[in-house]
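> Curious how this folds, go ahead:
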Amino acid sequence: MEILLLLRSMDAMKISRTVRFDNPNVTLPKNTPIFRLSKNKKKTKVFLVLKGFETQGLASSVSVAEILNQLPIEHLQGLNEIVCLPNSNKREKAAFRTKKISALWNRYFSIFYGIEIYRVKTIKEFYWALFHELGHYVMDVKIKSVDKKLWVTSLHKKKSSVSEYANRNAHEDFAETYACFVLEPERLLQCDRKRYLYMANSVFGTTDIERSKYNNHKGTLDLTV
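So this is what the prediction gives:
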């Protein structure tokens, strides 16, 4: 599958060579945009499918790739695709999906991880939904068990969550807090310093995230995803 090189950024580029996926059962149309994401001075690279963004008319796949490239690369490793489905009849705004895919006569299987974005009307809703669902992926797949236990048993029980929706359970609280750390760090710091420091130290490993690309997406968000 040949992908034309369309983006000139050195850190977030469409790849122009054949891509081999670990799972032989995963096939993609020839025009599917695949991005190679990598942080500066890091050897690790992530191959991520981004599609459907132009159909929802809020953010292009190129701009989303550039923004994702500001995150720790570990948060994207293993994630297969992010897809926009604006014409879906799903009730929720977005979802984090996992799917087992069999291979080698069903003796082995791999897990397909994807984020689907459905009903979002504004750019603010779009980015909040995106990072909320990415937060679910990070909590379920990426963070250490000891850090997850600390969140569930201690931090989630605090009343200073960033939204009403976060109070539903520890997973929604983590996802909302993750999105808030990326998009509205000042509000998270005001809501709960301990939640902020947990995200900075245990999840992101830094408070130094390039947020200039989000400057026009400020505001208090409380979205049910």
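> Quick check: the gap between residue 170 and residue 202.
14 Å (Cβ to Cβ, to the nearest Å). In short, each C-beta sits where N, CA and C put it, glycine included.
> Name the SS class of residue 98, please.
Following DSSP: H, G, I helix; E, B strand; the rest coil, residue 98 is assigned to strand.
> I'd like to know how many residues surround it.
Applying other Cβ atoms under 10 Å, we find 13 residues neighbouring residue 98.
> ditto for residue 201
Neighbours of residue 201 (other Cβ under 10 Å): 12.
> now the helices for this protein?
53-56, 61-68, 123-137, 145-153, 170-183, 185-191, 193-198 (DSSP state H).
> any low-confidence regions in the protein?
Residues of the chain that meet the criterion pLDDT under 70 lie in 1-44, 100-109, 207-225.
> now do 90
1-74, 77-78, 80-81, 83-114, 116-122, 154-161, 167, 205-225 (pLDDT under 90).
> Please report how far the closest residue in space to residue 54 that isn't next to it in sequence lies from residue 50.
In space, and not counting its chain neighbours, residue 54 is closest to residue 60: 6.3 Å by Cβ to Cβ, 6 or more residues apart in numbering. Going from residue 60 to residue 50 by Cβ to Cβ gives 9 Å.
> neighbour-wise, which of the two wins?
Each of residue 60 and residue 50 has its neighbours counted (other Cβ under 10 Å); residue 50 has more, 22 against 13.
> That one against residue 80, yeah?
No. Taking contacts as Cβ atoms under 8 Å, residue 50 lies outside contact range of residue 80: 10.8 Å.
> Export the helices of the chain as a markdown table, with columns for distance to residue 113 and mean neighbour count.
Formatted as a markdown table, the helices of the chain follow (distance: least, Cβ to Cβ, whole Å; neighbours: other Cβ atoms under 10 Å):
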| stretch | distance to residue 113 | mean neighbour count |
| --- | --- | --- |
| helix 53-56 | 18 | 16 |
| helix 61-68 | 14 | 20 |
| helix 123-137 | 6 | 23 |
| helix 145-153 | 17 | 13 |
| helix 170-183 | 15 | 24 |
| helix 185-191 | 25 | 16 |
| helix 193-198 | 23 | 17 |
